[in-house]
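Undergrad: quick one, fold the following:
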Amino acid sequence: MKVVYPGTFDPVTAGHLDIIRRASGIFEKLEVAVVNTSSKNMIFDTEKRVELIKVSLLEQGLPETVSVCSFDGLLIDYMRKMNYGIFIRGLRANSDFEYEFQMQLMNRRLAPEITGIYMMPSEHNMYLSSTVVKEVAKYGGNLETLVTEKVKIALQNHYRRK
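TA: Down below sits the predicted model:
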């Protein structure tokens, strides 16, 4: 069975990689789908985010059954086009639950054939988000356990230019 793991991944974090690692052990094929446009304040363009995920997958030794792509528009439209029936998402806290619950209900209304599966990250990644990682990077904090080496370098380069 193949599933999709959608997100902005700006940047990909240890928490995302934790979900990818565990999901790839459950599902036959996993596609990490990077959304092109978002209402979020992005620091990396889509091409860079896809590249950083691919490099991070290699750095972490994640299986070749994990692929990376990008998409535009509604997730359910992309999933229908690619013939996916299941997506996975990570849940860290109540705020994630409330947002994901609303999105799942809307997706179910628009596409009842598509199902979301939600995974909790490992305990040491419960607090981790791309927003937190960007804040740490912006002020020169230690990124060692938060992202892979290539992502750390990309973040440092981004904030050095500002």
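
Undergrad: identify each buried residue in the top helix by length along the chain, please.
TA: Longest helix in the chain by number of residues (criterion: DSSP state H): helix 94-110. Buried residues in helix 94-110, counted by 16 or more other CB atoms under 10 Å: 100, 104, 107. The C-beta positions use only the backbone N, C-alpha and C, and glycine is treated the same way.

Undergrad: so which of these comes closest to residue 139?
TA: Checking these against residue 139 with CB to CB, the nearest one is residue 100 at 29.1 Å.

Undergrad: residues in contact with the closest one?
TA: Residue 100 is in contact with 89, 91, 116, 118, counting by CB atoms under 8 Å, 6 or more residues apart in numbering.

Undergrad: just residue 27 next, same as before
TA: With CB under 8 Å, 6+ apart, residue 27 has these contacts: 1-3, 86.

Undergrad: run the last query once more with 10 Å
TA: Contacts here follow CB atoms under 10 Å, 6 or more residues apart in numbering; on that basis residue 27 touches 1-5, 65-66, 86, 88, 117.

Undergrad: next one: residue 19
TA: Shown in contact with residue 19 (CB under 10 Å, 6+ apart): 5, 7, 13, 30, 32, 88-91, 118-122, 125.
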